[in-house]
Every structure is written in structure tokens, then in C-alpha cells.
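Visitor: here is the input, now give the coordinates:
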Amino acid sequence: MNIFKRIEVWLLLAIVGGAIWLVTKSEDPASEENEITKGGKSNVVPSHATEIRNSPDAPARPEKFRIEEWNSVPESGGKVISLKVNARNERPEPLVLDSDNVRLVTATGTAVDRFFLPFDEPPVVEANAESTAELRYWLSDKGMEPSDKLWLEIEGERLELGLGTNQ
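Guide: So this is what the prediction gives:
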């Protein structure tokens, strides 16, 4: 019996080959940035003007975190809020931007749930470096007014994000 005459074997080989290709395929963010700066097309939604400032009770210092752009995409029952944040890490260890260090809160102080895709790793800012990270949150329509503001809190710094300007 010749095993390669069976369609099941070829189908299984194709699936295994595709899985190996997906696992070994590396997506280098630096090459994507270079493609965009060389005139390549980007699927980034245009940014909206926002008022960004640190908390009034925080001492004046150079910004470690800055919201570069943001958008909201309406979905059934809520919105997906995407933020592109520039972060500067001055510590000797990497800064992981997960729910322990970063949260989005409403004006009433309620934390907004993170929107995540399966297998997405939280963004990391390398030690003594500056980089841009994308954060996504799921904002339910219940209890939010269009004029409500959101606050992005990162390691004690607070950045204001007004949803009323993005409607």
C-alpha cells in the first residue's frame, strides 16, 4: 500500500505545513514601521485631536507617556477604543503594559475592560528605551454618556481622553 496515494495524508501534510509556517513566521514591528515611512500603506485610522495633560496634582516633569492617536470603533453593545501610546522607560528592566500597570477608567472611576485578541501578548517597552504601543479596550454602551471623559492611568500618570471629541 502506498501511503501517499491517500488524500487524508496530503491534507494532513498541508495542515501541518501551514501550522509550521504560521509558528515560524515572525512579524517584526520595526520592518512594518520602515514600510510605512517609505511610503507604504498603513491601516491606521487617522488620529483625533485630544486634550492631553498630566494629573493636576502630579509634579511637572517631562512626559513619560503620551497618547499619539486614538479611535473608537462602534460594535454591537459598545465600542472598541484603540490607543497608540508613546512610552519612555527609564528603568533598567522592561516595562510590561498589562493590566497591572495600565488601566482605562471612566470619570466615575470605573475601570474599562481590556479588549484582547487570542494569543496577543501585552506590549513591552524595553529597558532604557522609548517605543510606541497599541492598547485596546472594550467600552460598553451602558452607563456612558457621549460627553464622558476617560482617563488612561499608567504608573501613576493620568492622561485625559475625551470621548465627546470623537463622536
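Visitor: low-confidence ranges in the protein?
Guide: 1, 26-62, 143-148, 162-167 (pLDDT under 70).
Visitor: same for the helix ranked longest in the chain, what does it pack against?
Guide: Longest helix in the chain, counting residues (DSSP state H): helix 7-24. If you count contacts as 3 or more Cβ pairs under 8 Å, 6 or more residues apart in numbering; DSSP states H and E, helix 7-24 packs onto no helix or strand. Heads up, the C-betas are built off the backbone N, CA and C, glycines and all.
Visitor: how about residues contacting that helix?
Guide: 3-4 (Cβ atoms under 8 Å, 6 or more residues apart in numbering).
Visitor: repeat that with 7 Å
Guide: Contact partners of helix 7-24, identified using Cβ atoms under 7 Å, 6 or more residues apart in numbering, comprise residue 3.
Visitor: list the buried ones in it?
Guide: By neighbour count with 16 or more other Cβ atoms under 10 Å, helix 7-24 contains no buried residues.
Visitor: restrict that helix to CA atoms and write it as CSV.
Guide: Output of helix 7-24 as CSV, limited to C-alpha atoms (Å, rounded to 0.1, in the frame of the first residue of the first chain):
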residue,chain,number,x,y,z
ILE,A,7,-6.0,12.2,0.2
GLU,A,8,-6.1,12.2,4.0
VAL,A,9,-2.3,12.1,4.2
TRP,A,10,-1.9,15.0,1.8
LEU,A,11,-4.5,17.0,3.7
LEU,A,12,-2.7,16.3,7.0
LEU,A,13,0.6,17.3,5.5
ALA,A,14,-0.8,20.6,4.2
ILE,A,15,-2.3,21.4,7.6
VAL,A,16,0.9,20.6,9.5
GLY,A,17,2.9,22.6,6.9
GLY,A,18,0.6,25.6,7.3
ALA,A,19,0.8,25.4,11.1
ILE,A,20,4.6,25.3,11.0
TRP,A,21,4.7,28.3,8.6
LEU,A,22,2.4,30.3,11.0
VAL,A,23,4.5,29.5,14.0
THR,A,24,7.8,30.3,12.4
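Visitor: can you show me the helices along this structure?
Guide: 7-24, 29-37.
Visitor: distance from the chain centre to the longest one, please.
Guide: For helix 7-24, the distance from its own C-alpha centre to the chain's C-alpha centre is 31 Å (Cα atoms, centre = their mean, to the nearest Å).
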